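[1] fold the following and give me the result.
(chains A, B, C and D)
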Amino acid sequence: MNDLTPDSAARAAKLKGLGCSRKRVEDVRFTQGKGNYVDDIKLPDMLFGDFVRSPYAHARIKSINIDAAMALPGVIAVLTAKDLEPLGLHWMPTLAGDKQMVLADGKVLFQGQEVAFVIAEDRYINADAIELVEVEYEELPVLTDANKAMDADAVVLREDLAGQTSGAHGERRHHNHIFRWEAGDEAATNEVLEAADVVVEETVYYHRTHPCPLETCGSVASMDKTTGKLTLWGTFQAPHVVRTVASLISGIEEHNIRVISPDIGGGFGNKVGVYPGYVCSIVASIVTGRPVKWVEDRMDNLMATAFARDYWMKGKISATKEGKITGLHCHVVADHGAFDACADPTKFPAGFMSICTGSYDIPTAWLGVDGVYTNKAPGGVSYRCSFRVTEAAYFIERMIEVLAIELGMDAAELRAKNFIAKDQFPYESALGWEYDSGDYHTAWTKALKAVGYDDLRAEQAERIEAFKRGETRKLLGIGLSHFTEIVGAGPVKNCDILGMGMFDSCEIRIHPTGSAVARFGTISQGQGHATTFAQILASEIGIAADSITVEEGDTDTAPYGLGTYGSRTTPVAGAAAAMAGRKIRAKAQMIAAYLLEVHDGDLEWDVDRFVVKGAPEQFKTMTEIAYASYNQAIPGLEPGLEAVSYYDPPNMTYPFGAYICVMEIDVDTGTHEIRQFYALDDCGTRINPMIIEGQIHGGLTEALAIAMGQEIAYDDIGNVKTGTLMDFFLPTAWETPTYTTDFTETPSPHHPIGAKGVGESPNVGGVPAFSNAVHDAFRPFGLKQAHMPHDHWRVWKIANDLGLHTQG
Amino acid sequence: MELSDEIEINAPQELVYQALNDPEILRQCIPGCEELIKHSDTELEAIVVLKIGPVKARFSGNVTLDTAGAPDGFSLSGQGNGGKAGHAKGGADVTLENKGDVTVLRYTAKAEIGGKLAQLGSRLIAGTAKRLAAKFFKKFADIVGTVDA
Amino acid sequence: MSKMQIKLTVNGRERELLAEPRELLIHLLREELNLTGPHIGCDTSHCGACTVEMDGKSVKSCTVFAAQANGAEVTTIEGLAEPGSLNVLQSAFREHHGLQCGFCTPGMITRAHRLLQENPDPSEEEVRFGMAGNLCRCTGYQNIVKSILAAATELNAAKEAAE
Amino acid sequence: MIPGAFEYYRPRGVEDAIAILQQHGDDARVMAGGHSLIPMMKLRMADVPHLIDLQDIASLKGITVSAGQVTLGAMVTQHELINSAELREAAPVLRETALQIADPQVRYCGTIGGNVANGDPGNDMPALMQCLDAEFTLVGPNGSRAIKAREFYEAAYMTGREDDEILTAIRFDVSGAGYAYEKQKRKIGDYATAAAAVLLTRENGMCTGASVALTNLSDVPVWSQAAGAALEGTDCNDAAIKAAVKAALAEADPTEDNRGPVAFKLHVAGIIIERAIRTAWQRA
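    Below is the predicted model of the structure:
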C-alpha cells in the first residue's frame, strides 16, 4: 500500500530505519522458547557422538582398548586417530596455518584433548561407553608457563614439527616457538627510548580466559548417501568458511555441502574456530550413514575449545618531562597452547595487536610478538574484541597509567595531552594503521564532566586521609579508559582467512507487492541482525523495516560471506546492505522515470519514493515501482528488482570510547563494589540505539567478569582448575552493576552509512576501566602494576604486599 | 601439595623400620588398602580405595622404596591411576630418630593429583590427604607400638 | 537399567512415558516431549537456562531426575502463555530489550514468572537477588531487571483495575 | 553430562528407606534435594547404584516451634526456612544463613537435612547448627539416636552417621540471642571463602552467652569454644572481640583452593568473624 502521508519525516518514522530503537523481530520467537538452536535439532535415526578426553596435559598414548565400549548395546562405533588416518582426517588445518590433531595421534598435549569419538544410539549410552574406553597413558613433563617455553631445556611438545625451522609465519627459533611477528621500527624506537626524559617499563599480563557463551559448541552432520549431499548444522560464526574448509579437508565438492547456522546461543568468538567435534560428527555420519549430533558439555567447552588472551606484554614507554609521549616498545610472549588455532586474518598472527598505540599520537613504536606452544588448549580467539584489540587496549591503558605515576601527572590529563587531535585524522599510526576518524578530546571532556571527575579526585584524596587516620578500610578507585578499536575486517588486500578475502555480502529481492527478503553472509548470535539490517535497508530503499525479512546462516541460500565476529558485521555486511540497497534504488529510479515519463535526472528521492523535481504531486512510491518491475515491460530493463553486493571495505573502522569506573575496595577482604560506571561510545552512525545500549551493557559485564575474576587457570601439571561455572566466574545479576551509557557520533568517512561497529567496544574499553580502578585505588600507596583477574584474594594480596594490613 | 608431620612411636627404631617395610602392616595401615603385593624389597603394587563422601575411586599403582638411608630413614615414590576419577603421583621422605624405646618418625610428602579429582575436588584434596596421612601413622603407631608392648 | 513408568503433568497436559530413572528432567522435556524452550547451559546447576517450574517451585531441570519428577506438575516456557501470544513478561522482555541471543531467555522468564508470583511488587534489589540463579552472557542484566520491573508494574495495574 | 545408571527408590517411610540402605550397603545412598549429589553423579565422580529419594517421606517434613524448641524435618527446604514466619520469629539466623546459600532455584530444592548430613565443609548449615548447639536425630535399623552437631563432623564428608542411618530431624532451643551469619564468597552460588555464625546473649550490657562457629575454614565446621569464652563476661569491647577472633582463628585450618591461599583465608576469616560478632552484639 502506498503511504500517502505528505510529511517526509512522518513517513521516514514509519519505515523504522536508521536511528530508530526498533523492537527486535527475533524476540517474539525467543521469548516463547521457540528459538532453534543446534541441540534442538532432531533428525530421524540420529546418533549421538562424544569424546573420550585426556585427563593428562602431556602424555604418550600407549594403547586404546575399545572392546568393552563396543560391547555395550547401542554403541555403533568408536573412532580413534587410526581410523581417521586413512581418510587424512586425523589432523586438520587450523585457521592460523598450523595443524591440529582431530583425535590424539600418539600423544596428548592438553587436558581435555579429544582422544576417541564414541558414536551411540543416544547420549546416555554414549556417556556409559566413554567410561568403558580404556586408554593407557605414559605421563610426560608438562609445560604450562609460556615464559619458560623457549628455555633451552624445555620439553618438546610438537614432535610432528621436529626439524621444521619455519612455520606459517616465518622463522621458528625454538622447538616450542611458533612465530615472531613484528610491526614498527625497533631501532628507531630504542633510540627514542634512550634519549627520552622519562622511560617506564612494565610487564602487563592479560590472563587466559574463555568466551563461554551460554550455549556450548555443537554440530549435527547428516550425510545423504543417495544424493551425496552433506548437511551440517552447527554453532558456526562463519558458516561459509566452515563449508569451504569442510570441502577442502573432506574432498566433498562444495556445492554438495550445505552448512546451516541455526540460532546461536551467544558466540563471543568461541564459535569461530573449527573443532574436532565438527569433523568427527561429519566423519561419523559418513561412516554410519546416519545423522550424528555432537554437543559439548560445559567442562568440555571450558577445557578444550578456544580460549582467549594469555598475552605476556612487556612494555616500555617514553615521554618528555611535560608528558608528551615519544615512544612505545612492546614485546609479547603469546601462549597459544598446543596448536596455533588462533582465529586471525592470515597475515596477522597476532591479530591487530599493533593497534597498541591506542588513542595516542605516539610518533615511534615497535611491537614484537613471539607465539609459543604450551600444554594448554588451543584457540586464541577474539573474545568479544576484534583480533587481540582488547590486549592492545589493556596494554596501552596500563602503560599510560604507569607513565602518569612516573611523571606525577594526573592520568586523565596525560591522556588528553597525547590524544590524536581531531584535525590529525585520517591519522597514520607508527605501527602502520590509518585511523579513519575520531574526536577523542570531545568525548573525553564529556566523560570527565559527566562523572564529576575533579570532585571524584577530591573525594579520593579525602578518603586516603581518612584511611590513614584509621577511619575507613575502604579505598576509592577511579578507573579511566580511553580506547580505540579497529574493526570491520577487512579490506581484501590485506585481510583474509584461509585465503578468503574478508568482504561480506548482501542480496536483496523485492517482492512484487513491495516487501522484501534480504540475505547475508553473516550470522547473528544475539546481535539482532534481523532487526538492524532491515533498518539499514529501510532507510536505503524506502521499504518499512517491518516489511523486510532478513535471512542468514544457510549457505545454500545466503551469499558468500566471512561471518560475524570482530565487530565486522555492521562495517562490512552493513555496508553491503547499503550498497545493495543503492543498486535497487538506482534501478527503481529508472522504473519510476519510465512510469512518470520523465528523465531519470528529473527525479529526486524522498524517503520511500521518487518525486518529480518541482512537481511534488507527481511521484512513484517503492511499492508502485516494485509492482511495476514485475508487471510492466520496461524498455532496456530486465524485469524484477533484485541486487547483490559484495562489499570490500576500503579501510577498517575505528570506533572509540571513554569509560570511567568508580570502585570501592575493601582492603581487608579484597571485595569491591562498583559505585558508578559511565560508558561513552562513539560508533559512528547509530543504527538502533536500543540495541547499541544492549551491546554495551553485555560487553561491559563480560569485561567486569574478565577483569574481576574470570580465568582459565592451570596448575603446574596442566589440570584445568576452572572447568565448571562454580569456579569460572560469570557474574549474576547480583554482582553486576547498573551502567550509564552515553555517546558521541563521529561517522566513518568511508563507510556508506558512516557506521563503525560497536559490539566489542565495551569489552575492549571496559577491561582497562575496571582494572585501572583497582590499580588507582592502591596507587597512592605505591602500586604500579598488578595482574588480573582482580579477584578477592589477589586484591587482598595487593593490599597485603603494600603493608596495608599491618596497621589494621 | 605438600604434607609433613611427626609422630612418636612407642617402639625402637629397628622395629619401626622393619614395620615400614612390612607389606602386611602397611596394608593394615593404609586407609582403604585392598591389596598390597610385594614384588621385591623395593617394589610394591597396591590397590587402594579412596572414599570421599559420594566419591569412591579405586587407585591401582606402584610404589618404589629407596632403602639407601636405612635404618635412619627411607624414601618412597609411587604413582597410581584411579580411572575416571584421576591419577596421582607422589613421594615421601621418612626419617626415624631413635629416642630410646621411642622412635620419632618425621615425614614430608609431596603429591600431584591429576584428572577430575584435581579439577573438581581440589578444595577437598589437601584436607583429605592430611587426614589420610594422619590416619595411616596413627594406625601404624598403634600397631607397631602394640607389637612392641 | 530398566525403564520406569513416569507420569507427570506438563503445561497442563498429563503425560505418561517410559524413562530411565537417571534421565534428567531437562532431557525428558526436550527429547521426549519436544519442549525445547528450556536449554542446557552449564550442567552443574549454576546457569539456570534449564529452569522450569515444578510443583510451584523454580527448579533447574538439569539437576532433577525424571524419576524425581514422577507425579509432579511441570510448567515450561511453552506453557506460560496461550499459544500464539506473549504474556506480560514475554512482552516486557521484548519491549525493554531484555534478551539478545535468546538462549537464557526461557529460563529467565520462567524464573521471573515465579518470582512475581511470590513477590508481586519487588524492588530492583529483590529482582536482582531473585534472578541470581540465572546467568545471561549477552545483556548484562540491566534490561532484564527493567523488563521484570515493568512487567510487575503492568500486572499490578491490571490487578488494580480488575478490583 | 550424564549420570551413571541406578535403581531408583521412593519409599514412603523412614523404615523402608533404611531397609534399602541395609540391603545395598555402600552401593545405596539417600538423596534429599539432590543439588550436591546430582552434579557429582553427572560428573561421574559419584557412582550410586541404588538411589533413595526421600521426597515422599512425610515424617521428614515440617517446621515445628513449641516449648521453646525448634524442630526441623530433614526435608525442610532452604526456601521453606526463609519463608517460615514462625522461624523468622524463633530463629531469624536460619533465614539469614539460608539466604546466603546457593541461588533461588537451588534453595527450593536444597534441604536442611541434606546440607547438614552431607558433611561438605563448604555447606553453611553445619557451622550454624554447631553454633546453635543443635541436635540431630539419626534413625537406623536399631532405632533412633541423637547426636550433637558439635560432635557430628569428623572430616570432609565423614560424619557420625552410619551408612545405614538417616538423619531425620534437627532440634535446637529457641534463644533470644543476638545473631549473625556473615559470609564472604566470590559470587552467588559459591561456597564460602570464609563464613562465621555467631550468637550472643546480652544481659545488662554484658555478654552472658556466646557461641561462634566457622564455615569452610577447615575440613569440618569449627565451633570455637574458646572464642565464645573470650566474649562471655565481657561487654564485647574491642579487646574481647580481638581475643575471640584470635581464639577462633587458632582453630581454623583452611586449605588453599581457587578462592585463595591460606593466609588470605585466615585474614578474611578474622574480618568476617569480627563483623559477625559486632552484628550479633548489636542485635543482642
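[2] and residue 21, which helix or strand is it part of?
    Unless you meant another one, I'm taking chain A. In this assignment (DSSP states H and E), residue A:21 forms part of neither any helix nor any strand.
[3] oops, chain D please
    Residue D:21 belongs to helix D:14-24, assigned by DSSP H and E.
[4] return the set of buried residues in that helix.
    Neighbour-count burial for helix D:14-24, counted by 16 or more other Cβ atoms under 10 Å in any protein chain shown, picks out D:14, D:17, D:18, D:19, D:20, D:21, D:24. C-betas here are computed from N, CA, C, even on glycine.
[5] what do you get for stretch A:635-655?
    Neighbour-count burial for stretch A:635-655 [16+ other Cβ under 10 Å]: A:641-643, A:645-649, A:651-655.
[6] same deal with stretch B:63-82?
    Going by 16+ other Cβ under 10 Å, stretch B:63-82 has these buried residues: B:63, B:65, B:71, B:73, B:74, B:75, B:76, B:78, B:79, B:80, B:81, B:82.
[7] one more: stretch A:464-475?
    A:464, A:467, A:472, A:473, A:474, A:475.
[8] just the residues you listed: which are in helices?
    Among those, the members found in helices (DSSP state H) are A:464, A:467.
[9] low-confidence stretches in the chain?
    You didn't say which chain, so I picked chain A. By pLDDT under 70, the low-scoring segments of chain A are A:1-2, A:807-808.
[10] hmm, I had chain B in mind actually
    Using pLDDT under 70, chain B drops low at B:146-149.
[11] ranges for the helices of it?
    Using DSSP H, helices in chain B cover B:13-20, B:23-29, B:116-148.
[12] out of these, which is closest to chain C?
    helix B:116-148 (9.5 Å; Cβ to the nearest Cβ).
[13] what number of residues lie near the closest residue to chain B within the stretch 1-150 of chain D?
    Closest to chain B within the stretch 1-150 of chain D is residue D:46: 3.5 Å, counting by Cβ to the nearest Cβ. For residue D:46, the tally of surrounding residues (other Cβ atoms under 10 Å in any protein chain shown) stands at 20.
[14] what does stretch C:6-20 contact?
    Defining contact as Cβ atoms under 8 Å, 6 or more residues apart in numbering or on different chains, one finds that stretch C:6-20 is touched by A:124, C:1-5, C:28-29, C:32-33, C:35, C:66-67, C:69-76, C:78-79, D:5.
[15] quote the end-to-end distance of it.
    End-to-end span of stretch C:6-20 (Cα to Cα, to the nearest Å): 9 Å.
[16] what residues sit buried inside that stretch?
    C:6, C:8, C:10, C:11, C:19, C:20.
[17] residue in chain B nearest to chain A?
    Closest point on chain B to chain A, by Cβ to the nearest Cβ, is residue B:115, at 3.5 Å.
[18] check which helix or strand residue A:698 maps to.
    helix A:689-708.
[19] identify the residue nearest residue D:228 in space, chain neighbours excluded?
    residue D:210 (3.9 Å; Cβ to Cβ, 6 or more residues apart in numbering or on different chains).
[20] where does the closest residue to residue A:327 other than its chain neighbours sit: helix, strand or coil?
    Among residues not flanking residue A:327 along the chain, residue A:192 sits closest, at 3.5 Å (Cβ to Cβ, 6+ apart). Using DSSP: H, G, I helix; E, B strand; the rest coil, the structure places residue A:192 in helix.
[21] what's the answer for residue A:550, then?
    Residue A:550 is classified as strand under three-state DSSP.
[22] got the contact list for residue A:168?
    A:96, A:97, A:98, A:179, A:340, A:349.
[23] ditto for residue A:740
    A:450, A:676, A:677, A:678, A:679.
[24] and with 7 Å instead?
    Contact analysis of residue A:740 by Cβ atoms under 7 Å, 6 or more residues apart in numbering or on different chains lists A:677, A:678, A:679.
[25] what of residue D:154?
    Counting by Cβ under 7 Å, 6+ apart, residue D:154 has contacts D:160, D:220.
[26] let's see that with 8 Å instead.
    D:119, D:160, D:220.
[27] am I right that it falls within a helix?
    No: applying three-state DSSP, one finds residue D:154 to be strand, outside a helix.
[28] now do the same for it: its pLDDT.
    You'll see residue D:154 listed with a pLDDT of 93.
[29] where's it relative to residue C:30, distance?
    42 Å (Cβ to Cβ, to the nearest Å).
[30] so which helix or strand takes in the residue nearest to residue D:228?
    strand D:206-215.
[31] could you say what helices and strands that strand packs with?
    Judged by 3 or more Cβ pairs under 8 Å, 6 or more residues apart in numbering or on different chains; DSSP states H and E, strand D:206-215 is in contact with helix D:125-131, strand D:192-203, strand D:222-223, helix D:225-231, helix D:238-251, helix D:262-283.
[32] give the contact list for the closest residue to chain B within chain C.
    Using Cβ to the nearest Cβ, the single residue of chain C nearest to chain B is residue C:44, 9.5 Å away. Shown in contact with residue C:44 (Cβ under 8 Å, 6+ apart): A:298, A:724, A:725, A:726, C:63, D:1, D:39, D:42, D:43.
[33] what parts of the stretch 51-200 of chain D come near chain C?
    D:51, D:53, D:55, D:79, D:102-106, D:108-109, D:188-189 (Cβ under 8 Å from any Cβ of the partner chain).
[34] out of these, flag the one nearest to residue C:116.
    Distance to residue C:116, by Cβ to Cβ, is smallest for residue D:104 among those, at 12.6 Å.
[35] retrieve the pLDDT associated with the closest one.
    On the pLDDT scale, residue D:104 gets 98.
[36] what angle do the strand holding residue D:210 and helix D:262-283 make?
    140 degrees (axes from the mean of the first three to the mean of the last three Cα atoms, to 10 degrees).
[37] list the buried ones in strand D:206-215?
    D:207, D:210, D:211, D:212, D:213, D:214, D:215.
[38] need these in JSON lines with distance to residue A:271 and pLDDT, can you?
    Compiled in JSON lines, these are given as follows (distance: Cβ to Cβ, whole Å; pLDDT from 0 to 100):
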{"residue": "D:207", "distance to residue A:271": "59", "pLDDT": "98"}
{"residue": "D:210", "distance to residue A:271": "56", "pLDDT": "98"}
{"residue": "D:211", "distance to residue A:271": "53", "pLDDT": "98"}
{"residue": "D:212", "distance to residue A:271": "50", "pLDDT": "98"}
{"residue": "D:213", "distance to residue A:271": "47", "pLDDT": "98"}
{"residue": "D:214", "distance to residue A:271": "44", "pLDDT": "98"}
{"residue": "D:215", "distance to residue A:271": "39", "pLDDT": "98"}
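[39] what sits against the residue in the stretch 51-200 of chain D that chain C sits nearest to?
    Closest contact between the stretch 51-200 of chain D and chain C, by Cβ to the nearest Cβ, is at residue D:103 (3.2 Å). Contacts for residue D:103 (Cβ under 8 Å, 6+ apart) come out as A:732, C:48, C:132, C:133, D:188, D:189.
[40] what does residue C:31 give?
    Contacts of residue C:31 (Cβ under 8 Å, 6+ apart): residue A:42.
[41] please report phi then psi for it.
    phi -90, psi -40 (degrees, to the nearest 10).
[42] ok, residue A:715 next?
    Dihedral angles (degrees, to the nearest 10) for residue A:715: phi -90, psi -180.
[43] against chain C, how distant is it?
    20 Å (Cβ to the nearest Cβ, to the nearest Å).
[44] repeat that for residue A:103.
    23 Å.
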